[in-house]
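In: predicted model and sequence follow; I will ask about them next.
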Amino acid sequence: MSMLTKQHRLPKKEIDQVKNNGHHFHTPFFTVVYLSGRGTPSQFAFVLSKRVSKKATIRNRTKRLIAGAVRRLMAQLKSGYWVIFLVRRAALDQDKEILAQAVKEAFGKINLLKQNEKLGS
């Protein structure tokens, strides 16, 4: 199972709020839009429009790969964030490991990993 548990999924009604008020971080495979200072635990959403791929199976596979990478990092993530992945076409034909590395690097850059706190102090 690769999708996130319900407590870690960002409700649809919150997605627009994050899109409008959040900070953006761009990678070749996706844009991460995030807001901090929300309730615990951190929640995530994955957006792939039909412009990225017309085939639902391809969109869903890519979503599962990125969600799986987030799930594997869950223990290392700070709580209280709302995060949206706006997935780009470049992510569609990527390996699981490449996407997982991109997710981890993005979380490191936006200071969402707990280990970043220890490095700074």
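Out: Perfect, I can see it now.
In: pLDDT value on the residue nearest to the spatial centre of the chain, please?
Out: In the chain, the C-alpha nearest the mean C-alpha coordinate belongs to F85, at 4.3 Å (Cα atoms, centre = their mean). At F85, the pLDDT value in this model is 97.
In: count the neighbours of H24 for me.
Out: For H24, the count of nearby residues is 12 (other Cβ atoms under 10 Å). Every residue, glycine included, has its C-beta placed from N, CA and C.
In: helix or strand with the lowest mean pLDDT in the chain?
Out: Least confident helix or strand of the chain, by mean pLDDT, DSSP states H and E, is helix 115-120 with a mean of 52.
In: OK, contacts around Q43?
Out: By Cβ atoms under 8 Å, 6 or more residues apart in numbering, the contact set of Q43 is Q7, H8, R9, L10, P11, E14, Y81, W82, V83.
In: and Q17, by the same measure?
Out: Neighbouring residues of Q17 by Cβ under 8 Å, 6+ apart: L35, W82.
In: element containing it?
Out: With elements delineated by DSSP states H and E, Q17 resides in helix 12-21, which encompasses its position.
In: just the CA coordinates of that helix, formatted as CSV?
Out: Only the C-alpha atoms of helix 12-21 are listed here, as CSV (Å, rounded to 0.1, in the frame of the first residue of the first chain):
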residue,chain,number,x,y,z
LYS,A,12,-9.5,18.9,-0.6
LYS,A,13,-10.9,22.1,1.0
GLU,A,14,-7.4,23.0,2.4
ILE,A,15,-5.6,22.6,-1.0
ASP,A,16,-6.7,26.0,-2.3
GLN,A,17,-5.6,27.7,0.9
VAL,A,18,-2.1,26.2,0.6
LYS,A,19,-1.9,27.1,-3.1
ASN,A,20,-2.8,30.7,-2.5
ASN,A,21,-0.8,31.3,0.7
